[in-house]
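S.K.: Let me see the structure of the following:
(4 chains)
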Number of protein chains: 2
Amino acid sequence: MQNVINALRVLEEVAARQPIGVGELARALGLPKSTVQRSLVTLHEAGWIRPGGEVTRWQVTSKALRLARRTELGLRDAAVPVMEELRQRTGETIHLMVPEGDAVVLIERLETDKPLRIVLPLGTRLPLHASANGKAVLAHLDRTLAELPGYTDTTITDPRLLRAELAAVAERGYADNRGEWRSDIAAVAAAILGPAGPVASLSVSTPASRMTEELRAEYGKLVRRAAATLGETLG
Amino acid sequence: MQNVINALRVLEEVAARQPIGVGELARALGLPKSTVQRSLVTLHEAGWIRPGGEVTRWQVTSKALRLARRTELGLRDAAVPVMEELRQRTGETIHLMVPEGDAVVLIERLETDKPLRIVLPLGTRLPLHASANGKAVLAHLDRTLAELPGYTDTTITDPRLLRAELAAVAERGYADNRGEWRSDIAAVAAAILGPAGPVASLSVSTPASRMTEELRAEYGKLVRRAAATLGETLG
DNA sequence: ACCTCCGTGCCATGACACGGCACGGCGTGC
DNA sequence: GCACGCCGTGCCGTGTCATGGCACGGAGGT
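M.R.: This next block holds a predicted model:
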């Protein structure tokens, strides 16, 4: 179904560069203008894009947002109050992430008030083995570990060492990150467990310069309790 | 491009009922199993859905979320801090909505702590003529008013009366809603103006029972200032 | 007046979507 | 044990419709 692939590529390109017209899209995608034009008309009929600004420019509608929101099945709604309490107690940025394939995806965040802060776009994907959220999730999965790319000099790239780390995470109830993805970012995270394993995870992220060992332990306990509360709420 | 339409319908149905299999989808959509099967494989290739839970069940990925987020061009990121301050000052639920066609769409919200609260799902569409956010936006547009369906006994259904109301809104700098969409919901809202007109709006929503005339005026001033701040931030 | 780039529409060709059907696997009822 | 129903999957002949090159009219720019 090549045309579906094309249409979806067009949709993504519109989202990335809106408002945009037929010609520029065709050039960016390397497709004939006619093909792009037909895709645009079809996407419009289906309600995914709309003319915007000038008549011949296109933008995506809120259809994608509604669809994305339906997929979370109330996870976000249940999580936000817990996240707010966690931010109040820590004063730091709180992230809610869900596992997807070989990564964790940022679904929601509450930022710290402090001027120096971590800001990741929603939808950001982080590696399982080099993020606090990823390790919190991994500790509750039984997955073969291979291909562990390094990002900084503290990234754990040896599967045996990672196994040991994950055992410690499971024991402790929360995972931490010591600059393993970006050297100046530290975090602690705990998995939210459903009946069939981890469904998401919560984390407290700070600049490495603010994360002392005492804070790490304190935030660890807080995030562990918050994740447990949320797990019970979800049933 | 019937197959694109079909594939997008399949995608929406998967989002609505995930995790779900081929047969049930085909029945729900009234399409042949083969057609649905092909659409699923294609959507999977394109990275929009993934097998989930059982091997033959499907879920949507975070692709839709990333796409939806890119469409807001940082509006949400700029708005959330302003919304937080607004909630702190009012103690009530704050909504961020954007105009789309003949409706306003809920993009982001911060809820009140109070037990009695308004909860609308993200992506909710409200009518332009019967919501505070809609009227705030309409007051800055020059649109022909027709077809004004009534929702409650306070809904303004007469175009002439609505014209007068919108003039008052433009004068005052904020719009209000006196149970015009749901009789037990009240709100005040102000438009966020870009170079080419309203791009979004902010509102404070409360149960009708809490919204006195004094509060309405106070919240109106606050939301008007917050919207102006945000408009300047966005340039 | 000329040129370029825009968005749009037409059309012959042939690729491929359609959908009926069959198959193997699994759980259930008899 | 056997028959049945439903599951997901894969095959294939038919004919629909996506393809993409091309032409047209309009808007700017030079």
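S.K.: Now do the contacts for the residue nearest to residue A:45 when sequence neighbours are not counted.
M.R.: Nearest residue to residue A:45, sequence neighbours excluded (C-beta to C-beta, 6 or more residues apart in numbering or on different chains): residue B:5, at 7.0 Å. In this view, the C-beta of every residue, glycine as well, is placed from N, C-alpha and C. Contacts of residue B:5 were listed using C-beta atoms under 8 Å, 6 or more residues apart in numbering or on different chains, and they are A:42, A:45-46.
S.K.: how close does residue B:5 get to residue A:4?
M.R.: 10 Å (C-beta to C-beta, to the nearest Å).
S.K.: Among the contacts of residue B:5, which are located in helices?
M.R.: A:42, A:45 (DSSP state H).
S.K.: Run a quick neighbour tally on residue A:188.
M.R.: Using other C-beta atoms under 10 Å in any protein chain shown, the number of residues around residue A:188 comes to 30.
S.K.: Can you tell me the element it falls in?
M.R.: Take DSSP states H and E as the rule and residue A:188 turns out to sit in strand A:185-194.
S.K.: could you point out which element follows that strand?
M.R.: Trace forward from strand A:185-194 with DSSP H and E and the next one is strand A:197-207.
S.K.: how about the residue of chain A found nearest DNA strand C, what does it touch?
M.R.: Residue nearest to DNA strand C within chain A (C-beta to the nearest atom of the strand): residue A:21, separated by 1.9 Å. By C-beta under 8 Å, 6+ apart, the residues touching residue A:21 are A:54, A:56-58.
S.K.: biggest helix in chain A by residues?
M.R.: helix A:213-234.
S.K.: nearest residue to the most centrally placed residue in chain A other than its sequence neighbours?
M.R.: Closest to where the C-alpha atoms of chain A average out (C-alpha atoms, centre = their mean) is residue A:106, at 1.8 Å. Once flanking residues are discounted, residue A:106 sits nearest to residue A:124: 4.4 Å by C-beta to C-beta, 6+ apart.
S.K.: how about residue A:78, phi and psi?
M.R.: Dihedral pair for residue A:78: phi -70, psi -30, per degrees, to the nearest 10.
S.K.: ok, it to residue A:93 distance?
M.R.: To residue A:93, residue A:78 is 20 Å away according to C-beta to C-beta.
S.K.: angle of the worst-scoring helix or strand of chain A on mean pLDDT against helix B:63-70?
M.R.: Lowest mean confidence among the helices and strands of chain A (mean pLDDT, DSSP states H and E): helix A:63-70, at a mean of 80. Helix A:63-70 runs at 130 degrees relative to helix B:63-70, counting by axes from the mean of the first three to the mean of the last three C-alpha atoms, to 10 degrees.
S.K.: Take helix A:63-70, keep the C-alpha atoms, and write them as PDB.
M.R.: Provided in PDB are the C-alpha atoms of helix A:63-70 (Å, rounded to 0.1, in the frame of the first residue of the first chain):
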ATOM      1  CA  LYS A  63      -7.200  14.800  15.000                       C
ATOM      2  CA  ALA A  64      -3.700  13.500  15.900                       C
ATOM      3  CA  LEU A  65      -4.000  15.000  19.400                       C
ATOM      4  CA  ARG A  66      -7.300  13.400  20.100                       C
ATOM      5  CA  LEU A  67      -6.000  10.100  18.800                       C
ATOM      6  CA  ALA A  68      -2.800  10.300  20.800                       C
ATOM      7  CA  ARG A  69      -4.700  11.200  23.900                       C
ATOM      8  CA  ARG A  70      -7.100   8.200  23.600                       C
END
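S.K.: Strands of chain A, start to end?
M.R.: For chain A, the strands defined by DSSP state E cover A:49-51, A:58-60, A:93-100, A:103-110, A:125-127, A:175-178, A:185-194, A:197-207.
S.K.: Any chance of JSON lines for those, columns distance to residue A:38 and mean pLDDT?
M.R.: Shown next, in JSON lines, are the strands of chain A (distance: least, C-beta to C-beta, whole Å; pLDDT from 0 to 100):
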{"stretch": "strand A:49-51", "distance to residue A:38": "13", "mean pLDDT": "87"}
{"stretch": "strand A:58-60", "distance to residue A:38": "13", "mean pLDDT": "88"}
{"stretch": "strand A:93-100", "distance to residue A:38": "32", "mean pLDDT": "92"}
{"stretch": "strand A:103-110", "distance to residue A:38": "32", "mean pLDDT": "90"}
{"stretch": "strand A:125-127", "distance to residue A:38": "32", "mean pLDDT": "94"}
{"stretch": "strand A:175-178", "distance to residue A:38": "47", "mean pLDDT": "95"}
{"stretch": "strand A:185-194", "distance to residue A:38": "43", "mean pLDDT": "92"}
{"stretch": "strand A:197-207", "distance to residue A:38": "39", "mean pLDDT": "92"}
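S.K.: what's around residue A:11, how many residues?
M.R.: Using other C-beta under 10 Å, residue A:11 has 26 other residues around it.
S.K.: And it, what's its pLDDT?
M.R.: pLDDT for residue A:11: 91.
S.K.: Tell me which residues touch it, please.
M.R.: A:43, A:48-49, A:60, B:67.
S.K.: Nearest to residue A:135 among those residues?
M.R.: Closest approach to residue A:135 among these (C-beta to C-beta): residue B:67, at 27.9 Å.
S.K.: hmm, back to that, any residue of the longest helix of chain A up close to chain B?
M.R.: No. Judged by C-beta under 8 Å from any C-beta of the partner chain, helix A:213-234 and chain B are separated, with a smallest distance of 15.5 Å.
S.K.: Would you mind putting the CA coordinates of that helix into CSV?
M.R.: Extracted C-alpha coordinates of helix A:213-234, given in CSV (Å, rounded to 0.1, in the frame of the first residue of the first chain):
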residue,chain,number,x,y,z
GLU,A,213,23.9,11.7,47.2
GLU,A,214,21.5,12.8,50.0
LEU,A,215,19.0,14.2,47.5
ARG,A,216,19.3,11.1,45.3
ALA,A,217,18.2,8.9,48.2
GLU,A,218,15.5,11.3,49.3
TYR,A,219,14.1,11.7,45.8
GLY,A,220,14.4,8.0,45.3
LYS,A,221,12.1,7.3,48.2
LEU,A,222,9.6,9.9,47.0
VAL,A,223,9.5,8.7,43.4
ARG,A,224,9.2,5.1,44.6
ARG,A,225,6.2,5.9,46.8
ALA,A,226,4.6,8.1,44.1
ALA,A,227,4.9,5.3,41.5
ALA,A,228,3.4,2.8,44.0
THR,A,229,0.5,5.1,44.7
LEU,A,230,-0.2,5.5,41.0
GLY,A,231,0.1,1.8,40.4
GLU,A,232,-2.6,1.2,43.0
THR,A,233,-4.8,3.9,41.6
LEU,A,234,-4.7,2.3,38.2
